[in-house]
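**Q** here is the input, now give the coordinates:
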Amino acid sequence: MGDSGHRPVEAKSVFIDLLPRIGSALVLAAVALALTYWGLGPFALLVGLVAVILSWEWGGMVRGEGLDGVFGVHAVIVILAVILGAKHLISLSLVVLLTGALIVGALRFGQKARLSAYGVFYAGLPVAALLWFRGDEPHGFFAIMFLFAVVWTTDMGAYAAGRAIGGPKLWPAVSPKKTWAGLLGGVGSAALAGMLCATFLPGASAAKLGITALILALISQGGDLAESALKRRFDVKDSSSLIPGHGGFMDRVDGLVAAVVAAAIFALAVNAAAPARALLFWL
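**A** Numbering: from 1, shown residues only. Okay, the predicted model is just below:
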């Protein structure tokens, strides 16, 4: 009875803390959906801007300098990769990213060279993959929507299950707040979302999309953990403070980065000529 008077205050505090998080998420989602729908060009502008921000955040975290000379090179590389991807020159885009990673690594002269070079791939590979999927008509838009749905429902399901159920921690040394319940909730939510997506795509199999979503959800959670490990290594809480209530863009797209690259590898193995169709239909 003694602490009952504090609970409404605590609940109100949690709700107030969540308001900027919810507002930011809704705005970002609306912008992402609109630009994705409008076509490959607007979508390229979106992913290009995010890739440049990721390059800046990576430098700030890994080198302690966001706006240094290496960032300038990094940004130019990913912008060039975006331009090539928007022109359906994905293979050339990948060559540019590989060359750029070697240049960035060399610029560091051995000091955090490897991690700086990895940053080129972190920002560039998901961009190339997303543009590859979006440019594959007539299924490109739906492929991106499917990937968004999987990653977003994974995050929401994991958050909801982790808060509601709690229980044993998933990997406390890397991410103290993540639980096994959260992992299962996220993966289960994504599988259901994948199956639901099939109802909007004539000829799609709910079972296939559910399985694809489940696997990508697991990979998405792995990407989230990988970014948590990177932040722990450099003793930072967030990659930046650009997004109210969320931190930085790396904190929001870590799961998407991993899932999109994995999806692209799968599509490449199934049907490199039609990646969106390969992802959605396995044909």
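
**Q** what is the burial count for Lys208?
**A** Residue crowding around Lys208 was assessed by other Cβ atoms under 10 Å; the count is 16. All C-beta atoms are positioned from the backbone trio N, CA, C, and that covers glycine.

**Q** in the protein, which helix or strand is least confident?
**A** Across the helices and strands of the chain, mean pLDDT, DSSP states H and E gives its lowest value to helix 7-38, namely a mean of 70.

**Q** which helices and strands does the longest strand anywhere in the chain pack with?
**A** Criterion DSSP state E: the longest strand present in the chain is strand 175-179. Contacts defined by 3 or more Cβ pairs under 8 Å, 6 or more residues apart in numbering; DSSP states H and E place strand 175-179 against helix 140-165, strand 169-171, helix 206-233.

**Q** elements contacting the last one?
**A** Going back to what we said before, that points to helix 206-233. Using 3+ Cβ pairs under 8 Å, 6+ apart, helix 206-233 is in contact with helix 40-62, helix 140-165, strand 175-179, helix 180-197, helix 249-271, helix 275-281.

**Q** same list, these, but as TSV with distance to Ala213, mean neighbour count and mean pLDDT please.
**A** Listed next are the helices and strands packed on helix 206-233 as TSV, based on distance: least, Cβ to Cβ, whole Å; neighbours: other Cβ atoms under 10 Å; pLDDT from 0 to 100:
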stretch	distance to Ala213	mean neighbour count	mean pLDDT
helix 40-62	21	21	95
helix 140-165	5	21	92
strand 175-179	20	17	86
helix 180-197	3	22	95
helix 249-271	10	21	95
helix 275-281	11	23	97
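
**Q** quick one: closest of the ones you listed to Val120.
**A** Of all those, helix 40-62 sits nearest to Val120, with 7.9 Å by Cβ to Cβ.

**Q** using CSV, write out every CA atom in that closest one.
**A** Provided in CSV are the C-alpha atoms of helix 40-62 (Å, rounded to 0.1, in the frame of the first residue of the first chain):
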residue,chain,number,x,y,z
LEU,A,40,12.9,4.7,-57.6
GLY,A,41,14.2,8.3,-57.8
PRO,A,42,12.6,9.6,-54.6
PHE,A,43,13.4,6.3,-52.9
ALA,A,44,17.1,6.8,-53.9
LEU,A,45,17.1,10.3,-52.3
LEU,A,46,15.8,8.7,-49.1
VAL,A,47,18.3,5.9,-48.8
GLY,A,48,21.1,8.2,-50.0
LEU,A,49,20.4,10.7,-47.2
VAL,A,50,20.2,7.9,-44.6
ALA,A,51,23.5,6.4,-45.9
VAL,A,52,25.3,9.7,-45.6
ILE,A,53,24.0,10.1,-42.0
LEU,A,54,25.1,6.5,-41.2
SER,A,55,28.5,7.4,-42.6
TRP,A,56,28.7,10.4,-40.2
GLU,A,57,27.5,8.4,-37.2
TRP,A,58,29.9,5.6,-37.9
GLY,A,59,32.8,8.0,-38.0
GLY,A,60,31.7,9.7,-34.8
MET,A,61,31.5,6.3,-33.0
VAL,A,62,34.5,4.5,-34.4
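
**Q** following element in sequence after it, please.
**A** Going down the chain from helix 40-62, the next helix or strand is helix 69-86, by DSSP states H and E.

**Q** pull out the buried positions in stretch 92-100.
**A** Of all the residues in stretch 92-100, those buried under the rule 16 or more other Cβ atoms under 10 Å are 93-94, 96-97, 100.
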